[in-house]
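Colleague: The following block contains a protein sequence and its predicted model.
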Amino acid sequence: MKDIATSPTTKYILDKYNLNALKKYGQNFLIDANVVNKIVNQTHIDKNTAVIEVGPGIGALTQILGRSAGKVISFEIDERFEPVYKEFLNEDNIEIIFGDFLKQDIKSIVEELKDDYRRVYLVANLPYYITTAIIEKIILDNCQIDEMIIMVQKEVALKMTSDYKNPLLLMIEDIGKIEYLFTVNKSVFLPAPHVDSAIIKIRLDRGSDLKLYKVLNICFKQRRKTILNNLKQDYNNANEILIACGIDIKKRSEELSLSDFKHITDII
Ligand code: SAM
């Protein structure tokens, strides 16, 4: 079967099934098989790996993942693609589930996959309008995903891999590691978006501490306020908590380290 991720094949499929890219679902289809192969090659996906994919679209990434991975389970919200899957993704190790990824019980699916596969990855060219919600879901639901290899807008990727701090990035720092893998030019999508994209890898070594996340959200509620002013909205003894942790009450949350927040959480 030829690669879906080329400009002529993508145009052929869209034409044949009378499909257009819907903005409301963040649809930009990959049309460069080299980029798709690079994603798969740089991330050690093999037959011992099961992959969960968000948004297969017309299957550019799904098809190539299916060649390398033991199993691929892809979640697609747009049912118009069903006939495309019947024709192009009719492989035993590829399963497509229609529905909103954010509403799926990914934790149970990963648990089952772990019986048969050594690793479970999430790989996706993410719909940009729910990038954060998807990452949050995987981390906060403690889904036991080993790695997320995801395409996001380049600007988002740069921010996520910089020194910038927010509750979600501090949670990732606590349980794993985030890496910028490579930039993807906007010209390899149909339709071409306005901005370039990038592939990032988030390794997840263990489950997340939800108490820490609660404290982080309180501490970052208003970024411009001091840590004391944020914390005292929820804790009357905020002053004492910070003094017990040896933290300067005049600092803002972005000036504190992960270990400071862990210390605050322990004391609370
Ligand atoms: N993977 C394809 C590719 O790389 O060519 C398509 C990627 S496109 C950027 C995003 C895909 O996510 C679209 O197919 C879109 O319909 C799908 N999608 C959008 N929102 C979704 C949701 N909530 N749950 C599942 N899929 C979603």
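Modeller: Alright, I've got the coordinates.
Colleague: switch to C-alpha atoms for all contacts and neighbour counts from now on
Modeller: OK.
Colleague: So for stretch 254-266, mean pLDDT?
Modeller: Regarding stretch 254-266, the rounded mean pLDDT is 97.
Colleague: Could you export that stretch as PDB, keeping only the C-alpha atoms?
Modeller: Provided in PDB are the C-alpha atoms of stretch 254-266 (Å, rounded to 0.1, in the frame of the first residue of the first chain):
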ATOM      1  CA  GLU A 254       7.500  31.800  38.900                       C
ATOM      2  CA  GLU A 255      10.600  32.600  41.000                       C
ATOM      3  CA  LEU A 256      10.200  29.300  43.000                       C
ATOM      4  CA  SER A 257      11.500  25.900  42.200                       C
ATOM      5  CA  LEU A 258       9.600  22.600  41.900                       C
ATOM      6  CA  SER A 259      11.200  21.500  45.300                       C
ATOM      7  CA  ASP A 260       9.700  24.600  46.900                       C
ATOM      8  CA  PHE A 261       6.200  23.700  45.700                       C
ATOM      9  CA  LYS A 262       6.700  20.100  46.900                       C
ATOM     10  CA  HIS A 263       7.800  21.400  50.300                       C
ATOM     11  CA  ILE A 264       4.700  23.600  50.500                       C
ATOM     12  CA  THR A 265       2.500  20.600  49.600                       C
ATOM     13  CA  ASP A 266       4.100  18.500  52.200                       C
END
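Colleague: So what's the gap between it and the chain middle?
Modeller: The chain centroid and the centroid of stretch 254-266 are separated by 24 Å under Cα atoms, centre = their mean, to the nearest Å.
Colleague: next one: stretch 230-243
Modeller: 33 Å.
Colleague: Buried ones in it, by neighbour count?
Modeller: Asn230, Leu231, Ala238, Asn239, Ile241, Leu242 (16 or more other Cα atoms under 10 Å).
Colleague: got a list of what the fourth one touches?
Modeller: When contacts are counted by Cα atoms under 8 Å, 6 or more residues apart in numbering, Asn239 is found next to Leu228, Lys232, Ile249.
Colleague: close enough to count as contact, the second one and Ile241?
Modeller: No - between Lys232 and Ile241 no contact is recorded; they are 9.9 Å apart, counting by Cα atoms under 8 Å.
Colleague: residues from this protein in reach of the ligand?
Modeller: When proximity is defined as Cα under 6 Å from any ligand atom, the chain approaches the ligand at 25-30, 54-57, 59-61, 75-78, 99-102, 125-127.
Colleague: Buried ones from those, can you make that a PyMOL selection?
Modeller: Applying 16+ other Cα under 10 Å to these, the buried members can be selected in PyMOL as follows:
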select buried, resi 25+27+28+29+30+54+55+56+57+59+60+61+75+76+77+78+101+125+126+127
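Colleague: if I look at Pro8, how far off is Val188?
Modeller: 12 Å (Cα to Cα, to the nearest Å).
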